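[1] Okay, predicted coordinates and the sequence, questions at the end:
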Amino acid sequence: MLPLEPSPLSAAHRLSEALLAAPSPAAVGEALMVALQDGLAPGQVHLTEVSQDGDMGEAKVTGAAEQHYRQSLGDPSIITRVVHAAGPVAVTDAPGDPTIRQDLVERFAAASLLGVPVRWDGEVRFVAVLVSHERREFDPEEIRLAATLANQAAIALALLDAERIRAARAEQDAALTRAATSLNASLELEEVLETLSREADLAVGGSLAGVYLADGSGGGVATAGHNTPEDWIGLVMARGEGIAGRVLETGQAFVTNAYQEEVELPPHPALRRLRTAVGVPMAWNGELKGALSVGFAEMRRVTDEDLRTLEAIAALAVAACRNAEAYEQASRAAITDALTGLLNHGAVHLRAREEISRARRTSAPLACLLLDLDDFKAINDELGHQAGDEVLRSVAVSLRAQVRDHDVVARYGGDEFVVLLPGTDARAGRIVADRIAAASPVACSIGLAQWRARLEADELLGFADRALLLAKRKGKRRVEVAGARLERALELLEASAPTSAASAS
């Protein structure tokens with residue numbers, strides 16, 4: 001039985017029925033390809049989605065083993081000819097036409113081609129290409145039928161696009177409301193940025209989103225994310241790498257529909273599935289501080305409203321960073337000695353409790369030094385308090401220079417300083433104390449105590465204070481270590497000449 005001749009009317013009818021029920025752009029595309037195949041009986045139908053900037057095409061194919069492919073539209077091809085013409089283009093001799101990509105002609109055994117645009121809102125969004133494996137001249141009626149079927153699909157796609165935009169606006173408004181609310185919900189920067197990443201992703205229907213804070217080298221570090229892998233936080237985006245790196249390099253928003261081709265890929269497998277991506281800058285105080293980016297697993301047009309929404313969420317992220325910065329400054333001021341910049345009296349008690357808790361868990365040693373400047377009162381009396389303040393600042397600088405980064409240095413009050421040495425026993429602590437005393441710009445006395453089981457912070461500092469008292473009583477400019485011998489020596493000294501630590505200073 002001979003196959004039925006293609007029927008233009010039945011093809012158009014079946015397409016209209018399919019379009020009425022099509023729930024998505026993908027379903028519309030499938031229906032159009034079927035209608036073109038039924039109505040015109042080519043060897044294959046290719047439907048290529050044209051990227052937002054017109055540089056890339058992503059094609060689906062009927063009647064071929066290869067069902068999908070991507071192509072650059074920068075070189076001459078039937079797709080670029082249809083886009084520029086915004087109308088049908090017929091090619092009778094595809095292998096002999098220099099304006100057609102010959103690699104695709106060979107790959108799909110194309111003898112003749114007919115391309116028709118699917119366009120709305122003044123743009124060619126898709127190009128349907130009918131591929132004949134035998135030389136064929138498409139007559140005017142066939143070209144008119146192909147264009148009519150494409151126009152039917154364009155109407156359905158335009159309606160779906162309008163509905164998507166309407167729903168997106170509602171989602172964007174809701175996401176912005178939730179994002180703004182999150183600023184009042186927490187002072188923890190990472191928690192707020194995670195919320196903003198999620199809302200950015202939801203607002204534009206992305207596959208993943210991230211916030212990257214500038215690292216000072218022109219790149220950024222992933223600080224928060226949504227739909228990102230567990231190892232995402234801390235990922236470094238070098239200058240110009242990924243969308244965030246591109247935004248941090250230029251300070252401008254960036255959109256691509258060809259992420260794999262146009263972007264220098266960061267070293268993370270989660271980003272290899274992205275097709276479209278958009279990033280916007282985060283800046284305050286005249287400085288570029290970070291970037292917010294969203295990636296899509298499919299080719300997707302990023303609208304001006306999408307950009308405005310992401311810029312609004314980026315502005316909220318900036319506000320979160322400012323709030324966190326102000327909170328951190330206020331917190332730091334609350335625990336910092338204004339004169340020396342060291343921790344203050346209250347803060348060192350908190351840190352002592354933390355270090356004792358850690359020592360209990362790890363069985364690591366902990367040493368505590370209490371340092372007092374010898375004859376400091378005379379400096380204030382003879383040279384004035386301004387000179388005394390300069391001495392205290394210089395001692396603070398000297399102390400920091402003699403200890404490790406993770407050691408704790410504090411001004412305990414007046415001319416007394418505390419140094420906590422985690423992981424340090426009494427013997428090693430004595431070496432540090434001698435080094436501190438030798439480097440100090442003025443003479444000082446130091447009491448040293450090693451933490452022992454069941455000692456609390458006040459008790460540890462108390463033992464160091466008793467050792468300091470003995471150092472003062474024995475002539476100053478020395479280091480004494482708390483222990484049984486110290487207590488006996490203090491008893492003998494107090495019995496013979498009871499004086500206070502204050503008077504000894």
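    Cool, got the structure.
[2] So which residues of the stretch 351-500 of the chain form helices?
    Taking DSSP state H, counting those that start in this stretch, the helices of the stretch 351-500 of the chain run over residues 376-383, 385-402, 426-439, 457-473, 484-496.
[3] Please identify the buried residues of the longest one?
    In this case it means helix 385-402. 388, 391-392, 395-396, 398-399, 402 (16 or more other CB atoms under 10 Å). For glycine as for every other residue, the C-beta is placed from the backbone atoms N, C-alpha and C.
[4] centre of the chain versus it, how much separation?
    Relative to its parent chain, helix 385-402 has a centroid offset of 40 Å by CA atoms, centre = their mean, to the nearest Å.
[5] angle of it against helix 376-383?
    Taking axes from the mean of the first three to the mean of the last three CA atoms, to 10 degrees, helix 385-402 and helix 376-383 form an angle of 140 degrees between their directions.
[6] Show which residues not belonging to helix 385-402 make contact with it.
    For helix 385-402, the surrounding residues in contact (CB atoms under 8 Å, 6 or more residues apart in numbering) are 339-342, 371, 373, 376, 379-380, 409, 411, 415, 417, 419, 432, 435-436, 439-442, 444.
[7] Pull out the buried residues from those.
    Using 16+ other CB under 10 Å as the burial test, the contacts of helix 385-402 include 340, 342, 371, 373, 376, 379, 409, 411, 415, 417, 419, 432, 436, 440, 444 as buried.
[8] how near is the residue lying closest to the third one once chain neighbours are set aside to residue 164?
    Which is residue 371. Excluding the flanking residues, the one nearest residue 371 by CB to CB, 6 or more residues apart in numbering is residue 417, at 4.5 Å. From residue 417 across to residue 164, the span is 65 Å (CB to CB, to the nearest Å).
[9] likewise residue 31?
    Separation of residue 31 from residue 164 (CB to CB) stands at 18 Å.
[10] Among these two, which residue is more densely surrounded?
    Between residue 31 and residue 164, residue 31 has the larger neighbour count (other CB atoms under 10 Å), namely 23 against 14.
[11] Quick check, that one in contact with residue 153.
    Yes - between residue 31 and residue 153 there is a contact under CB atoms under 8 Å: 7.1 Å.
[12] Point out where this protein drops to low pLDDT.
    The chain contains residues with pLDDT under 70 at 1-7, 64-66, 186-187, 327-331, 484-505.
[13] Outline the domain layout of it.
    According to automatic domain parsing, the chain comprises the domains 8-163, 183-333, 345-504.
[14] Next, find the distance separating residue 39 from residue 172.
    Residue 39 is 40 Å from residue 172, where distance means CB to CB.
[15] oh, I was asking about residue 10
    Counting by CB to CB - residue 10 and residue 172 are separated by 42 Å.
[16] More neighbours: the two, which one.
    When neighbours are counted by other CB under 10 Å, residue 172 comes out ahead of the other of residue 10 and residue 172, with 23 against 13.
[17] now the host helix or strand of that one: how far from the chain's centre is it?
    Using DSSP states H and E, residue 172 sits in helix 140-182. Chain-centre distance of helix 140-182: 30 Å, with CA atoms, centre = their mean.
[18] ok, now stretch 200-210?
    The chain centroid and the centroid of stretch 200-210 are separated by 13 Å under CA atoms, centre = their mean.
[19] how about the CA coordinates for it, as PDB?
    Taking C-alpha atoms only, stretch 200-210 is exported to PDB below (Å, rounded to 0.1, in the frame of the first residue of the first chain):
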ATOM      1  CA  ALA A 200      17.300  34.800  43.600                       C
ATOM      2  CA  ASP A 201      17.200  31.200  42.300                       C
ATOM      3  CA  LEU A 202      13.400  31.000  42.800                       C
ATOM      4  CA  ALA A 203      12.700  34.400  41.400                       C
ATOM      5  CA  VAL A 204      14.100  33.700  38.000                       C
ATOM      6  CA  GLY A 205      13.500  29.900  37.900                       C
ATOM      7  CA  GLY A 206      17.200  29.000  38.000                       C
ATOM      8  CA  SER A 207      18.900  25.600  38.500                       C
ATOM      9  CA  LEU A 208      21.400  27.000  41.100                       C
ATOM     10  CA  ALA A 209      22.500  30.300  42.500                       C
ATOM     11  CA  GLY A 210      25.500  31.600  44.500                       C
END
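[20] who's in contact with the closest residue to residue 352 other than its chain neighbours?
    Nearest residue to residue 352, sequence neighbours excluded (CB to CB, 6+ apart): residue 457, at 3.8 Å. For residue 457, the contacting residues are 349, 352-353, 356, by CB under 8 Å, 6+ apart.
[21] could you flag which of the residues you listed are buried?
    By neighbour count, with 16+ other CB under 10 Å, these hold 349, 352, 356 as buried.
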